[in-house]
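Student: model the following, please.
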Amino acid sequence: MTKSDDKRVPVLRFKGFTDEWEQRKLGEHIIVSKQKNKDNLSLPAFSISNKNGFIPQEEQFGKDNTYSKTDKSSNYIVKPKYFAYNPARINVGSIAYQNTITPVLVSSLYEIFRSDNNIDDVFL
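Tutor: As a prediction, this is how the structure comes out:
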């Protein structure tokens, strides 16, 4: 990046790009979701691992885990093409992109968001 006349211009230019560099914050391009499972839908429960991304609770913690027996009406629904992460584990990379066909449930401790049309989800 070079700086000339107080303009931030990238050294590497893409075809058709002539404008100066503009800094953006991620928060300007995401839509937060807090949709709870208030109707207690029978959706599969997932968690997020830093190694495997979205993973069914049964695979993560075993078929007879305590979570599988709890009321899930306060859990969040994560729709396809949404991201989710556990703020307590973001430092180890526990964030994932929901790429299944149907919605899934995650703990209400998670944060859920999707990107707006200005961001390529694959890039993010």
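Student: who does the spatially most central residue of the chain form a beta bridge with?
Tutor: The centroid of the chain falls nearest to F83 when counting by C-alpha atoms, centre = their mean (1.7 Å). Beta-bridge partners for F83, by DSSP bridges, are Y97, F113.
Student: does it touch I90 like I think?
Tutor: No - assessed by C-beta atoms under 8 Å, F83 is found out of contact with I90, at 11.3 Å. Bear in mind the C-beta positions are built from the backbone N, C-alpha and C, glycine included.
Student: tell me, how many residues neighbour Y85?
Tutor: When neighbours are counted by other C-beta atoms under 10 Å, Y85 registers 18.
Student: from what I see, it and I48 are in contact.
Tutor: Yes - contact between Y85 and I48 holds when scored by C-beta under 8 Å: they sit 6.5 Å apart.
Student: joint contacts of these two?
Tutor: S94, I95, A96, Y110 (C-beta atoms under 8 Å, 6 or more residues apart in numbering).
Student: so which one among those has the lowest pLDDT?
Tutor: On pLDDT alone, S94 ranks lowest of these, at 84.
Student: need phi/psi at it.
Tutor: Taking degrees, to the nearest 10, you get phi -80, psi 70 for the backbone angles of S94.
Student: quick check, it in contact with F54.
Tutor: No - here S94 lies out of contact with F54, judged by C-beta under 8 Å, at a distance of 10.5 Å.
Student: name the residues of the helix or strand harbouring V32 that come out as buried.
Tutor: Assigned by DSSP states H and E, V32 falls within strand 30-33. By 16 or more other C-beta atoms under 10 Å, the buried positions in strand 30-33 come out as S33.
Student: which other helices and strands does that strand contact?
Tutor: strand 76-78, strand 111-115 (3 or more C-beta pairs under 8 Å, 6 or more residues apart in numbering; DSSP states H and E).
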